[in-house]
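Undergrad: Kindly generate the corresponding structure for this input.
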Amino acid sequence: MEQPIAMNTLSQILEKLRLKGKDNELKISDHGKMQSKSLGKIYKPEDLTIVKTYRFEGDSDPADNSVLYLVEDKDKNIGYILDAYGIYSDNDGPSFDDFLKKIPTENRDEQELFS
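TA: Modelled structure (predicted):
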């Protein structure tokens, strides 16, 4: 049986998503909703579920701190939302944080998500 490869870095997880065809990035739009350009969809918080969260902390540079949210929509499409911590965040204002707080959360196993 093939042993799973540990995914310890952001780039390893993003590459695994790409190889599985699940590299659909969602970004907050000017209208306060998440948008996936690759899927051509716009989402409200209730349209998504956070199924896995990864946090990365740089050893020496606080700018390396980021969080990756794997999300699933109601059609079972997997995508991701990427953000940096704190002042390094690309998302200005409270709309991004408010949106994330409204998304229901599950904690799925990596084997289930990447198989």
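Undergrad: Run through the bridge partners of residue 78.
TA: Beta-bridge partners for residue 78, by DSSP bridges, are residue 72.
Undergrad: Counting neighbours, which bits of stretch 97-114 end up buried?
TA: By neighbour count with 16 or more other CB atoms under 10 Å, stretch 97-114 contains the buried residues 99, 100, 103, 113, 114. (Glycine included, C-beta is placed from N, CA and C.)
Undergrad: which other residues reach that stretch?
TA: Stretch 97-114 is contacted from outside by 4, 7, 16, 20, 28, 32-34, 45-46, 48-53, 69-71, 78, 81, 91, using CB atoms under 8 Å, 6 or more residues apart in numbering.
Undergrad: give me that answer again for 7 Å
TA: The contact list for stretch 97-114, computed with CB atoms under 7 Å, 6 or more residues apart in numbering, reads 4, 16, 20, 28, 32, 34, 45, 48-52, 70, 78.
Undergrad: quick one: which of those residues sit in strands?
TA: Per DSSP state E, strands hold the following members of these: 28, 34, 48, 49, 50, 51, 52, 70, 78.
Undergrad: residue contacts, the spatially closest residue to residue 52 that is not a sequence neighbour?
TA: Counting by CB to CB, 6 or more residues apart in numbering, residue 70 is the residue found nearest to residue 52 once chain neighbours are left out, at 4.1 Å. By CB under 7 Å, 6+ apart, the residues touching residue 70 are 51, 52, 78, 80, 113.
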